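Undergrad: Generate a structure from the sequence data that follows.
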Amino acid sequence: MSYEKRVRFINVESDRIKEIFLKTLHQFPVLHPHIIRIKYRPLRHTTMQAQPVLNRHFFHRRRRHYQIDINDHTRINRHIRVDELPEAVLAGWFAHELGHLVDYLKRGGFNLMGFGFGYVAFEYFRIGAERMADLHAIDHGFGEHIKETKKFILEESSLPNEYKTRIERFYMSPEEVELMLGQEVEEEVCMDRPEMRPWQ
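TA: Below you'll find the model as predicted:
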């Protein structure tokens, strides 16, 4: 079964959202064996969120199902229509959520429950979790997309200031992403030098 057939779109009618999500997921082969649901539903404080599905596979890492929720609440839709976002921004948003799923892959069921508690209870824990999701997205080739998503939220969208403040507090800034991308380039250049090649 191809990975596209393992994706379940629930209440998602936009062919554009489906296409961009599948294109983004293609770059995350580690997630391809898993059932992933994409569902429109009201969310209180965020535009998207990713979590494991609480079903009989929850404690079996290789068979665990995951879900990414997209906010369809009218309060958010007044400021941002997900199906109308620029492709790079939407791909960056999806890549961040898929980055969360990559992080969840290595966690057992009890570890995930503790992770969920820590995310809700401790601000520093949430900061670490969101940065880790960005790092996974960057590692899968979406650094520029992540940067564009941050810039769009903070500089171009009409989202409320409280939402933008939360983004600034918990997530990597566009400047941090840019710095990381610059470091990757420097590492690649160094690895091209014979004395820096560990396999020789």
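
Undergrad: what's the following helix or strand after the helix or strand of the chain with the lowest mean pLDDT?
TA: Counting by mean pLDDT, DSSP states H and E, the weakest-scoring helix or strand in the chain turns out to be helix 74-77, with a mean of 65. The C-terminal neighbour of helix 74-77 among helices and strands, as given by DSSP states H and E, is helix 87-105.

Undergrad: following that following helix, which helix or strand shows up next?
TA: That would be, after helix 87-105 and using DSSP H and E, helix 109-121.

Undergrad: can you pull the buried residues of the helix or strand hosting K39?
TA: With elements delineated by DSSP H and E, K39 resides in strand 36-41, which encompasses its position. Of the residues in strand 36-41, I36, R37, I38, Y40 count as buried by neighbour count, 16 or more other Cβ atoms under 10 Å. Just so you know, the C-beta spots here come from the backbone N, C-alpha and C atoms, and that holds for glycine as well.

Undergrad: Could you do stretch 124-132 as well?
TA: Within stretch 124-132, the residues that count as buried by 16+ other Cβ under 10 Å are R126, A129, E130.

Undergrad: just stretch 143-150 next, same as before
TA: Along stretch 143-150, the positions that meet the burial threshold by neighbour count (16+ other Cβ under 10 Å) are G143, H145, I146, K147, E148, T149, K150.

Undergrad: Thank you kindly, that will do.
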